[in-house]
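1. after the sequence you'll find the predicted model.
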Amino acid sequence: MEITEAAKKKIAELIKVNKEIMPEQTFYLRITAIIDADEKLKQQVYFDYETRIDDNVLRFKEFDLRVDKESYSFLKHANLDYRDWE
């Protein structure tokens, strides 16, 4: 899984904000993927503080990315980018 520098920077910034609100928690970026009833791949990207036994952990300088085992099979070749639309 690839994450662009722009995305890494924004993720680190948002994790820092979450940490200021809830300093007792360690936050991760989590990405999940499922096949819906129409057989289309649906992804979710969100911040999480829970760890799961089946997590694949990808470590970056400022944060960890966690992807469950099933989702990882869909996302292992994915690219995550961030663009500011202002």
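-> Now that the structure is in, tell me what you want to look at.

2. where does this structure have low pLDDT?
-> For the chain, no stretch is flagged by pLDDT under 70.

3. helices of that one, residue ranges please.
-> Secondary structure of the chain, counting by DSSP state H: helices at 5-21, 69-75.

4. tell me which of those helices sits nearest to Arg83.
-> Proximity to Arg83, assessed across the helices of the chain by Cβ to Cβ, is greatest for helix 5-21 (7.0 Å). (Glycine included, C-beta is placed from N, CA and C.)

5. quick one: buried residues of that closest one?
-> Buried residues in helix 5-21, defined by neighbour count with 16 or more other Cβ atoms under 10 Å: Ala7, Lys8, Ile11, Ile15.

6. export these as JSON lines, with columns for distance to Pro23.
-> Formatted as JSON lines, the entries for those read as follows, by distance: Cβ to Cβ, whole Å:
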{"residue": "Ala7", "distance to Pro23": "24"}
{"residue": "Lys8", "distance to Pro23": "22"}
{"residue": "Ile11", "distance to Pro23": "18"}
{"residue": "Ile15", "distance to Pro23": "12"}
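
7. out of these, who's nearest Asp84?
-> Scanning the buried residues of helix 5-21 for proximity to Asp84, where the rule is Cβ to Cβ, the winner is Ala7, at 11.1 Å.

8. on that earlier part again, including distance to Asp48, could the helices of the chain go into a markdown table?
-> Converted to a markdown table, the helices of the chain look like this (distance: least, Cβ to Cβ, whole Å):
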| stretch | distance to Asp48 |
| --- | --- |
| helix 5-21 | 10 |
| helix 69-75 | 13 |
